[in-house]
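Participant: Need coordinates for the below:
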Amino acid sequence: MSPQRPTTVTASMWLIVGVLAVCGVSALLTLPFQDELLAAWRAGRPDTSSVERPAFVPVALVMFVVVAMLTGVLLMFFREGHNWSRRILIALMLILVAGSLAVLRTGPPAFFVVLCSLGIVVEVVTVGFLLHKDTRAWFAEAPAESATTS
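Facilitator: As a prediction, the model looks like this:
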């Protein structure tokens with residue numbers, strides 16, 4: 001593996017940390033905005049009295065912890081030049097984009113619209129860096145050179 005990582009690889013790692021930061025802030029803000037989220041969920045649903053109210057806070061926090069831990073492990077492999085981790089990170093970013101779009105469809109409070117929109121932009125830019133030709137070239141060199149050093 002070349003001694004110097006391309007800037008696209010380093011930028012990808014920082015953008016992924018940024019995605020996690022936006023997701024973490026969103027998850028933490030479900031606690032103080034719980035009533036607003038519930039009001040948005042109730043809007044346009046005539047059957048809310050017969051349905052148990054959703055628990056947004058525990059779901060958001062547990063989901064964030066799981067995604068953050070998975071991403072942390074993938075980033076360790078990514079940093080070492082394992083191409084499969086790059087592919088899984090691309091898939092994870094696309095899943096997060098889909099999740100953010102699903103949240104936007106529910107009509108959440110304005111602050112969550114801003115956070116989800118910011119998250120989508122950062123996730124798409126991250127995928128762009130993960131698919132960049134310099135990133136792909138660095139990962140293509142990784143297996144051949146690491147096999148010769150071991």
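Participant: Report the secondary structure state of D47.
Facilitator: coil (DSSP: H, G, I helix; E, B strand; the rest coil).
Participant: neighbours around it, how many?
Facilitator: 6 (other Cβ atoms under 10 Å). For glycine as for every other residue, the C-beta is placed from the backbone atoms N, C-alpha and C.
Participant: and if you look at L101?
Facilitator: L101, neighbours per other Cβ under 10 Å, totals 12.
Participant: ok, it to L61 distance?
Facilitator: 21 Å (Cβ to Cβ, to the nearest Å).
Participant: ditto for L74
Facilitator: 20 Å.
Participant: Compare these two and say which is more crowded by neighbours.
Facilitator: Each of L74 and L61 has its neighbours counted (other Cβ under 10 Å); L74 has more, 19 against 15.
Participant: was I right about the more buried one contacting I88?
Facilitator: Yes. Counting by Cβ atoms under 8 Å, I88 is a contact partner of L74 at 5.7 Å.
Participant: Alpha carbons only: can I get whichever strand or helix holds V73 in CSV?
Facilitator: Taking DSSP states H and E as the definition, V73 sits inside helix 56-79. Extracted C-alpha coordinates of helix 56-79, given in CSV (Å, rounded to 0.1, in the frame of the first residue of the first chain):
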residue,chain,number,x,y,z
PHE,A,56,-39.0,7.7,19.2
VAL,A,57,-36.3,8.3,21.8
PRO,A,58,-35.1,4.7,22.6
VAL,A,59,-35.4,3.7,19.0
ALA,A,60,-33.3,6.6,17.8
LEU,A,61,-30.7,6.2,20.5
VAL,A,62,-30.2,2.5,20.0
MET,A,63,-30.2,2.8,16.3
PHE,A,64,-27.5,5.5,16.5
VAL,A,65,-25.3,3.4,18.8
VAL,A,66,-25.6,0.4,16.5
VAL,A,67,-24.8,2.4,13.4
ALA,A,68,-22.0,4.2,15.1
MET,A,69,-20.4,1.0,16.3
LEU,A,70,-20.7,-0.7,12.9
THR,A,71,-19.3,2.4,11.2
GLY,A,72,-16.4,2.5,13.6
VAL,A,73,-15.4,-1.1,12.9
LEU,A,74,-15.8,-0.5,9.2
LEU,A,75,-13.6,2.7,9.4
MET,A,76,-10.8,0.7,11.0
PHE,A,77,-10.8,-1.8,8.1
PHE,A,78,-11.2,1.1,5.6
ARG,A,79,-8.2,2.8,7.0
